[in-house]
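Visitor: what follows is a predicted structure for the sequence shown.
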Amino acid sequence: MSREKRACQNCKSEFWIESEDFKFYEKIKVPPPTWCPECRMVRRMMFRNEKLLFKKKSAFSGEEIFSMFPADSYPNVYESKIWYSDAWDPTSYGKEVDFSRPFLTQLIELIKEVPHPSRSVSESTLINSDYCNNANDLKNCYLIFNAARVENSAYGDIVYDSKDCMDGLSLRQAELVYDNFWVQKSSRIFFSSNVEDSHDIWFSKNLRGCSNCFGCVNLRNKQYYIFNEPYSREEYKKKLEEFAVGSSEAVEKLKEKIKTFSLRFPRKFMEGRNSVNSRGDYIYNSKNVLNSYNIQGGEDLRYCQFLVDSPNKNCYDQTLFGEGNAFTYECYECGLGTNNIKFCAACWSDVHDLQYCRYCFSSFNLFACIGLRNKSYCILNKQYTKEEYEKLVPKIIEHMNQMPYIDKKGRVYKYGEFFPPELSPFSYNETIAQEYFPLSKDEALAKGYSWKDPEPRNYQVTITNDQIPNHIKDAP
Ligand SMILES: [Zn+2]
């Protein structure tokens, strides 16, 4: 089929469906999308609260616990430890399909009934890391989000295989780093961005294979450089002392200085390296990755974001997180071995042939289920035989097309559409959609997205002398 122009059901603007896209949709047996790629991406992002934690009552113990879901949002939450245990049975919520009402309405009712985990974490792999979310394998971490295999770190987002990091965004194999954006395979990096295979770097941008550089831009394999000028080792050390980076006032001034200095240099048209036939930004070690952002080791991907753990192959419209995804479409927060999953959220650990599922693990052949583990052939959390399941699923798909769900803005959801934004338990401004596609309150409401005015916060903290650890008090 040749490429075709369609009008987006959401923003009404025109978008192209490429002939390659049609082939993919045909292969995984879904209709072509009715929303444009950007609207589809934002719709998935509206379901992802990455960094906010709220106090919420556990529906299991009645105790007030920390949760990624706001106190007044719909999911009943259980403490993650309880939720992942056998203390409750998600199939006890199982429902028959009612062919007199839209199927998505019934799925939404089930989603609102079945308990959700308070945080999206692999609980058994966290040690002393209670105030973190969207993470696994953490030790001694505090306010670390979207992370795996991290130790002794605080205040970070998108942090992988790192230790002793503070205030960082997009760190991988980083050690002893502070206040950076995008650091890979590096140590002792401060106030810098886009630094790879380097150590002892201050106030720099886009360095690779460098060490002992201060205020430098676009350098490769250099040592002892200050503002892109070479120095001897001794001169460099002397100069570094003069910069007096120990004072916050000096740091702020230097940040301003490097900002102005870096404007003199050209920037690459896209960030990334070692990729073939790929378009987007921050694409590494990939092949045939198109219209995608922040991808590591991807192959044949399109319209994907934040697949930072490889490998991922043959995926369309997947937001987060990867590590063994194949043939996934319109999913978010799925990974660790997935195959042929569609319209799913937060499903991981060896799952295949799932559609419209949330928080299902180590399962296969599920349709519209929530919170199932080690299950197969279930629909709306109700167990069927293989034969019954195979007969019922095509019937439901036909019903979804004949009696689609229609949302508050009149947008139509036949089979092949991701969850409607109004199902998100979060307001637009609580999700990563607001980080990457910021809207004002009025703009969000006009698009039919929900909004919550944040509560005023009191940042005043009093620390008494005896609360300060001795090693900090004694520091010079
Ligand atoms: Zn659109």
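Guide: Received, thanks. Residues are numbered from 1 along each chain as shown.

Visitor: only C-alpha atoms from now on, for both contacts and neighbour counts.
Guide: Fine.

Visitor: quick one, grab the pLDDT at the closest residue to the ion within the stretch 201-350 of the chain.
Guide: At 13.4 Å from the ion, Tyr303 is the closest residue in the stretch 201-350 of the chain, using Cα to the ion. We note a pLDDT of 97 for Tyr303 in this prediction.

Visitor: what residues are up against it?
Guide: Going by Cα atoms under 8 Å, 6 or more residues apart in numbering, Tyr303 touches Pro37, Met41, Leu290, Asn291, Ser292, Tyr316, Asp317, Gln318.

Visitor: so of those residues, which ones are in helices?
Guide: Under the assignment DSSP state H, the contacts of Tyr303 contribute Pro37, Met41 to helices.

Visitor: max pairwise distance over the contacts of Tyr303: which two?
Guide: Maximum pairwise distance among the contacts of Tyr303 (Cα to Cα): 14.1 Å, between Met41 and Leu290.

Visitor: are any of the contacts of Tyr303 buried, and if so which?
Guide: With burial judged by 16 or more other Cα atoms under 10 Å, the buried subset of those is Pro37, Met41, Leu290, Asn291, Ser292, Tyr316, Asp317, Gln318.

Visitor: redo those as a markdown table? Include distance to Lys51 and pLDDT.
Guide: Converted to a markdown table, the buried ones among the contacts of Tyr303 look like this (distance: Cα to Cα, whole Å; pLDDT from 0 to 100):
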| residue | distance to Lys51 | pLDDT |
| --- | --- | --- |
| Pro37 | 25 | 97 |
| Met41 | 19 | 98 |
| Leu290 | 28 | 96 |
| Asn291 | 26 | 96 |
| Ser292 | 23 | 97 |
| Tyr316 | 25 | 98 |
| Asp317 | 22 | 98 |
| Gln318 | 20 | 97 |
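
Visitor: could you pull out the strands for the stretch 201-350 of the chain?
Guide: 205-208, 211-214, 223-226, 229-230, 272-273, 280-284, 287-290, 292-296, 298-302, 305-307, 312-322, 325-335, 338-342 (DSSP state E, counting those that start in this stretch).

Visitor: as TSV, those with distance to Cys369 would be great.
Guide: TSV is the format used below for the strands of the stretch 201-350 of the chain (distance: least, Cα to Cα, whole Å):
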stretch	distance to Cys369
strand 205-208	45
strand 211-214	52
strand 223-226	56
strand 229-230	60
strand 272-273	38
strand 280-284	33
strand 287-290	31
strand 292-296	29
strand 298-302	26
strand 305-307	24
strand 312-322	19
strand 325-335	14
strand 338-342	12
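
Visitor: longest single strand anywhere in this protein?
Guide: strand 133-190 (DSSP state E).

Visitor: between strand 312-322 and that strand, find me the angle.
Guide: 90 degrees (axes from the mean of the first three to the mean of the last three Cα atoms, to 10 degrees).

Visitor: show me what strand 133-190 is packed up against.
Guide: strand 126-127, strand 193-196, strand 199-202 (3 or more Cα pairs under 8 Å, 6 or more residues apart in numbering; DSSP states H and E).

Visitor: mean pLDDT lowest where, among the strands of the stretch 201-350 of the chain?
Guide: strand 272-273 (a mean of 91).

Visitor: strand partners of that one, parallel vs antiparallel please.
Guide: Sheet pairing of strand 272-273 (DSSP bridges) gives strand 280-284 (parallel).

Visitor: what's the angle between the strand it pairs with and strand 298-302?
Guide: Strand 280-284 runs at 160 degrees relative to strand 298-302, counting by the same axes, to 10 degrees.

Visitor: so where's the stretch 351-476 of the chain uncertain?
Guide: Applying pLDDT under 70 to the stretch 351-476 of the chain picks out residues 457-463, 467-476.

Visitor: need the per-residue pLDDT for the residue nearest to Phe243 when sequence neighbours are not counted.
Guide: Among residues not flanking Phe243 along the chain, Ala250 sits closest, at 7.4 Å (Cα to Cα, 6 or more residues apart in numbering). Per-residue pLDDT puts Ala250 at 90.

Visitor: next: the one 5 residues further on.
Guide: The predicted structure scores Lys255 at 94 on the pLDDT scale.

Visitor: residues in contact with it?
Guide: Phe191, Phe203.

Visitor: can you name the residue of the stretch 351-476 of the chain nearest the ion?
Guide: For the stretch 351-476 of the chain and the ion, the shortest gap (Cα to the ion) falls at Lys447, measuring 11.0 Å.

Visitor: how about the most centrally placed residue in the chain, what does it touch?
Guide: For the chain, the residue nearest the mean C-alpha position is Leu320 (4.6 Å; Cα atoms, centre = their mean). Counting by Cα under 8 Å, 6+ apart, Leu320 touches Gln305, Phe306, Leu307, Val308, Tyr332, Glu333, Cys334, Gly335.

Visitor: how much space between it and Met41?
Guide: Applying Cα to Cα, to the nearest Å, the value for Leu320 to Met41 is 11 Å.

Visitor: in the top helix by length along the chain, what's buried?
Guide: In the chain, with assignment by DSSP H, the single longest helix is helix 386-402. Under the neighbour-count criterion of 16+ other Cα under 10 Å, helix 386-402 has Tyr389, Ile396, Ile397, His399, Met400, Asn401 buried.

Visitor: ok, so of those, who is nearest Phe361?
Guide: So of the buried residues of helix 386-402, ranked by how close each gets to Phe361 (Cα to Cα), first place is Tyr389, at 18.8 Å.

Visitor: ok, and the closest non-adjacent residue to that closest one?
Guide: Nearest one to Tyr389, counting by Cα to Cα, 6+ apart, is Tyr377 at 5.7 Å.

Visitor: wouldn't the residue nearest to Phe243 be in contact with Glu256 here?
Guide: No: contact criterion Cα atoms under 8 Å: Ala250 and Glu256 do not qualify, at 10.0 Å.
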